[in-house]
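Novice: give me a 3D structure for the following:
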Amino acid sequence: MAPIGKLYSVPSMNQTTIIKATAAVAGVEFEEPEYKHYEDNKKPDFLAKFPHGKIPALECANGLNLTEGAAIAQVYDTYGEPIVASIPPNSGLLGGTLEDAALVDQYMHFAESEIHLCTEFIYLMLNGYMPYNKAIHTTMTERQIRGFNSLETILLTRTYLVGERLTLADITVSSVIFLAVSYTLDAPLRAKYPNILRHLDLIINQPKLKEVFGQPTFVEKAAQYTPPVKEKKEKEPKQPAPAQAPKKERPKKAEEDEEEEESLVPEEPKAKNPLDLLPKSTFNLEDWKRAYSNKDTRGPGGSLEWFYENFDREGFSVYRVDFKYNEELTLVFMSSNQIGGFFNRLEASRKYLFGSMGVLGEANNSIIAGALILRGQDVKPVVEVAPDYESYIYRKLDLENAEDKAFFEGALAWDLEIDGKKWQDGKNVSWRFFLNVRNRSLTSCFLVAVQVNERKFVCCILTIHVYHVVTL
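Specialist: Purely as a prediction, here's the structure:
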């Protein structure tokens, strides 16, 4: 059979292995021209065919140009017949029915997003391609283990992932595990996943796949971060201190006169915050913040139940907050960052305030709203420390009113809905006004507290884009 086209790739890529394994089973051949990454993919003739400059890239003989490993592995020719992963009665790599094809696609995406992505992130951090962050390393490790657990359960009762024969799902999952056992899936973890290892052994030892995969390298211990060795600077010899001139004694009377003059100027007393002059309250705001962070929001024993049992209506009040200029809002993450900036500017009122605000709706059709719990009955002394406080509308909530109570609880539980607009992203102002994010994408370069698993927090420096935040 004549080659179906030219494949530009590097051997170490997981996607390259998937493409070559699929081609081997389907009996398809590729030309593999000499290729140097970061050089050839920047040349004008390459970019004319593949504008993103990404590999693997397939230049088909029929004029079709493709990138992305999954797309190449399923590419069709101009006659509507698969070039690589053909439907029965040929190789059957895409499954025998539409339902099977959907399952194959499901497992391919699962392997890439839940397991391989974590391996890649950890590899990039441990090898200096991005700044190392322990919190992200821990998150990626735990996310990957969750993926391993799910895959182990799936394979408990199955020889192959879809049906009773080899499919593209098996090839993709095996390729991902093949890489993981050499880097993150170490000996203690492997002992927990006999079904995953049995499946890997079955797939990579298929007669047509042995040469493509080769033999896996099993690590005894998962790769760990090694901090760079700091160079010790040689201490410069100390210069001898210059001799001090003898001090002249001042006349005793002059010293006494100076002391008298100083005592005549009293120190200016520090002005007390009027909120500190309020009668002592039985509601401890710090205890509430801890309850909110450590408990589920709704349900028996939740933080809302704690709040109603302990709230002091005389010493504290609850306010609804709405942004005045919602028509100016565009992308959700930008609106979310605006809330974070507002909370940061409330730093001077940190010990008098707790809040939960969010972005509701979608890009170019969203609003900002939320709720504040604050000391006293007047909102202004608490929020006027923020220069932009007048950009928001404040309305005192009556928790005896069903509508006000539902709004308050929705804002705290992050499931608030207003005029059909559902909660998309949110932030809490808390002990140190850290940014809280739950199952949302992050892009940041400052200290944040990432909120996951309802109300648990981990602090980290984020200098990269993380597109999933997962259970810690």
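Novice: which residues touch Asp322?
Specialist: Asp322 makes contact with 367-369, 392-393, 395, according to CB atoms under 8 Å, 6 or more residues apart in numbering. All C-beta atoms are positioned from the backbone trio N, CA, C, and that covers glycine.
Novice: can you do 6 Å?
Specialist: 369, 393 (CB atoms under 6 Å, 6 or more residues apart in numbering).
Novice: you'd agree it is in a strand?
Specialist: Yes: counting by DSSP: H, G, I helix; E, B strand; the rest coil, Asp322 falls inside a strand.
Novice: show me what it is bridged to.
Specialist: Under the criterion DSSP bridges, Asp322 forms beta bridges with Ala369, Ile393.
Novice: what's the separation between it and Leu374?
Specialist: 16 Å (CB to CB, to the nearest Å).
Novice: what do you get for Thr22?
Specialist: 61 Å.
Novice: cool, Asp186 as well?
Specialist: 50 Å.
Novice: those two: which has the busier surroundings?
Specialist: Leu374 (22 against 17; other CB atoms under 10 Å).
Novice: now do the SS call for that one.
Specialist: strand.
Novice: so who does the residue nearest to it when sequence neighbours are not counted touch?
Specialist: Closest residue to Leu374 apart from its sequence neighbours, by CB to CB, 6 or more residues apart in numbering: Val382 at 4.5 Å. Shown in contact with Val382 (CB under 6 Å, 6+ apart): 349, 352-353, 374.
Novice: just Phe218 next, same as before
Specialist: Val181.
Novice: let's number from 363 now, not from 1
Specialist: Sure thing, new numbering starts at 363, so read that last one as Phe580.
Novice: hmm, back to that, from the contacts of Val744, which is closest to Gln786?
Specialist: Relative to Gln786, the closest of those is Leu715; by CB to CB it sits at 23.5 Å.
Novice: please name the nearest non-neighbouring residue to that closest one.
Specialist: In space, Leu715 is closest to Leu736, 4.9 Å off (CB to CB, 6+ apart).
Novice: cool, and Ser544?
Specialist: Nearest to Ser544 is Thr579, by CB to CB, 6+ apart, at 4.3 Å.
Novice: that neighbour and Leu547, how far apart?
Specialist: In terms of CB to CB, Thr579 sits 11 Å off from Leu547.
Novice: these two - which one has more neighbours?
Specialist: Leu547 (27 against 10).
Novice: where do the strands of the stretch 413-562 of the chain begin and end?
Specialist: Applying DSSP state E, counting those that start in this stretch to the stretch 413-562 of the chain gives strands spanning 419-422, 427-429.
Novice: does Lys382 count as helix, strand or coil?
Specialist: helix.
Novice: does Leu465 touch Val524 like I think?
Specialist: Yes: counting by CB atoms under 6 Å, Val524 is a contact partner of Leu465 at 4.6 Å.
Novice: please say which of those two ends up with more neighbours.
Specialist: Val524 (26 against 17).
Novice: and Ser697, what is it in contact with?
Specialist: 691, 721, 728, 730.
Novice: what does it show for phi and psi?
Specialist: phi -70, psi -40 (degrees, to the nearest 10).
Novice: now it: how far from Asp781?
Specialist: Taking CB to CB, one finds Ser697 at 16 Å from Asp781.
Novice: how is the chain partitioned into domains?
Specialist: 367-435, 460-575, 647-797 (automatic domain parsing).
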